[in-house]
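1. Starting from these lines, generate the structure:
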Amino acid sequence: MEREQFKSRLGFILISAGCAVGLGNVWRFPYIVGQYGGAAFIVLYLIFLIILGVPIMVMEFAVGRASRKGIARAFNVLEPAGTKWHRFKWIGLCGLYLLMMFYTTVAGWMLAYIPEMAVTPFGQGEDVSAIFDAMLANPVEQVGWMIVACLISLLVCSLGLQKGVERITKVMMVALLALIGILAVRACTLPGAGEGIAFYLLPDFGKLFGSWDIFGDAVFAALGQAFFTLSIGLGSMEIFGSYINKKYSLAGEAVRIASLDTFVALATGLIIFPACFAFGVSPDSGPGLVFITLPTVFEQMWMGNLWATLFFVFMGFAAVSTVIAVFEGILSFWMDEWGMSRKRAVAINCVLIPLLSLPCALGFNVWAGVELPGIGNIQAIEDFLVSNNLLVIGSFIFVLFCVTKRGWGWDNFLAEANAGQGMRFPKWLRGWMRFGVPALIIVIFVMGWIPIIQAWIP
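-> Sure, this is the predicted structure:
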């Protein structure tokens, strides 16, 4: 079967960015920036993005493009005879399914909030909080919107790479960028928004160096955000690498995608922080910033329902674009590993993914008592398994595969990464990629487990 390819370079960049642009950008990033002092934290984040996130993304792209396969068969094609790198594909597949087991539910929240914000008269903050709590407590609503998110995404994937995934994701990403622009202009022109803009864009390093504990927490948060924001480690980027030609070098493409991903994250802050400061709302409200705090802010704005609805359309696009991208990785696994047609793979996963997503959707109501100490409910458990374990392990394996002689090897990786026009991946980075990046990945893994171990030890 001939390998599908993207119709355009723009399609590849927007779809890869669409996979990376998700709740990590538009939900987690703003509240972490708020917690760690604004612009100074952003500087830390950008440093780690350049030295950690982008190089690993280049490696995923290179493995995909060189093999012309997704994670199911890529290591089989490239690994030296007698080695067992291909066994990682099962970890990768488990990670993709685990990610969808909770991400489809969260994408459903975004979709549910669009009509909610459009038709519900705003009350006080307690009423906004009650809207979110009522949605979580309703199993029918939770499962219903989760299924809607699944069906939309699988329908797009069923149309094929060019006619479905590429064409529709391009439209969604362009619409997302337009909505960001409209909302950011509106927020930045609010009376009193200047203080929020200054908090967000003018670094105050004194906030980071107030104590070693604060600085250490901020460094780890920036390191983790730079690592997780690009959706690296499970083959999500590898599959898109397998669909592109060798006209352009991979370092340049990775920088463009990371830049677009970062632009969305930063622009989201230009919506949130000016609005929060304009209406006297704390910018460090934590995870409730999007679903509780921001609707309260929109409530106080002229035409608040319109701005709230547009914001959650934007959030919905961001969430669904990621679901579509990960679904494509899952479907490609079934097609590559078992020679299955796209339609048959979609039909099987149309049943399988919603069923696997049920525990998370029901974990806020019917199964609300299911928790692990130090981690939390079903969604938190699934998120922990993916974010703190499988993504980290997967990235570690990709790096080792590309730098060691028992793997694909540095020379092969470099030749593939630098094939085509554009930015070259520096040859002199070999030492950093062989020792520095694996060391940072190990730090992320260990630091992610420390709070859990502390909670489990009396």
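2. the helices in the stretch 201-350 of the chain, which residues?
-> Applying DSSP state H, counting those that start in this stretch to the stretch 201-350 of the chain gives helices spanning 212-228, 236-241, 250-278, 293-299, 304-338, 342-362.
3. How far does the third one sit from its chain's centre?
-> Average the C-alpha atoms of helix 250-278, do the same for its chain, and the two points are 13 Å apart (C-alpha atoms, centre = their mean, to the nearest Å).
4. tell me which strands and helices it is in contact with?
-> If contacts are counted by 3 or more C-beta pairs under 8 Å, 6 or more residues apart in numbering; DSSP states H and E, helix 250-278 sits against helix 9-20, helix 29-35, helix 54-67, helix 167-188, helix 194-201, helix 293-299, helix 410-417. In this view, the C-beta of every residue, glycine as well, is placed from N, C-alpha and C.
5. orientation of the third one relative to helix 212-228 in degrees?
-> Our comparison of helix 54-67 with helix 212-228, counting by axes from the mean of the first three to the mean of the last three C-alpha atoms, to 10 degrees, yields an angle of 20 degrees.
6. what's the angle between helix 54-67 and helix 304-338?
-> Counting by the same axes, to 10 degrees, helix 54-67 lies at 40 degrees to helix 304-338.
7. ditto for the fourth one
-> Compare the direction of helix 167-188 with that of helix 304-338 by the same axes, to 10 degrees and you get 150 degrees.
8. quick one on the thing from earlier: now mean neighbour count and distance to A380 too, for the helices of the stretch 201-350 of the chain, in TSV please.
-> Putting those into TSV (neighbours: other C-beta atoms under 10 Å; distance: least, C-beta to C-beta, whole Å) gives the following:
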stretch	mean neighbour count	distance to A380
helix 212-228	18	15
helix 236-241	29	21
helix 250-278	23	22
helix 293-299	24	20
helix 304-338	23	18
helix 342-362	18	10
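9. In the stretch 301-450 of the chain, where is pLDDT below threshold?
-> Scanning the stretch 301-450 of the chain for pLDDT under 70 picks out no residues.
10. Tell me, how many residues neighbour V58?
-> Per other C-beta atoms under 10 Å, the neighbour tally for V58 reads 30.
11. how near is it to E371?
-> 39 Å (C-beta to C-beta, to the nearest Å).
12. before we move on, what about R424?
-> From R424 to E371 the distance is 49 Å (C-beta to C-beta).
13. got it, and P451?
-> Using C-beta to C-beta, P451 is found at 15 Å from E371.
14. Please name the residues that touch N349.
-> L154, F327, I330, L331, W334 (C-beta atoms under 8 Å, 6 or more residues apart in numbering).
15. Go through those residues and name the one nearest P458.
-> I330 (40.5 Å; C-beta to C-beta).
16. The closest residue to that closest one other than its chain neighbours: which element?
-> Excluding its sequence neighbours, the residue lying closest to I330 (C-beta to C-beta, 6 or more residues apart in numbering) is L96, at 5.1 Å. Per DSSP states H and E, L96 falls inside helix 88-119.
17. Show me which residues of that helix are buried.
-> For helix 88-119, the neighbour count (16 or more other C-beta atoms under 10 Å) marks 88-89, 91-93, 95-114, 116-117 as buried.
18. what does stretch 41-49 give?
-> Within stretch 41-49, the residues scored as buried using 16+ other C-beta under 10 Å are F41, I42, L44, Y45, F48, L49.
19. Mind checking which of those are in helices?
-> Members of these lying in helices (criterion: DSSP state H): F41, I42, L44, Y45, F48.
20. got a list of what the closest residue to the fourth one other than its chain neighbours touches?
-> The one in question is Y45. Distance criterion C-beta to C-beta, 6+ apart; nearest residue to Y45, sequence neighbours excluded, is A222 at 4.4 Å. A222 sits next to Y36, F41, L44, Y45, I47, F48 when contact means C-beta under 8 Å, 6+ apart.
21. Pull up the gap between the closest residue to the third one other than its chain neighbours and K343, please.
-> With C-beta to C-beta, 6+ apart as the measure, A222 is the residue that lies nearest to L44, at 3.8 Å, once sequence neighbours are left out. Distance check for A222 against K343: by C-beta to C-beta, it reads 43 Å.
22. same thing with L310?
-> L310 sits 35 Å away from K343, going by C-beta to C-beta.
23. same question, A417
-> Using C-beta to C-beta, A417 is found at 34 Å from K343.
24. What's the local residue count around S8?
-> Neighbours of S8 using other C-beta under 10 Å come to 12.
25. typed the wrong thing, it's F384
-> Neighbour count of F384, defined by other C-beta under 10 Å: 18.
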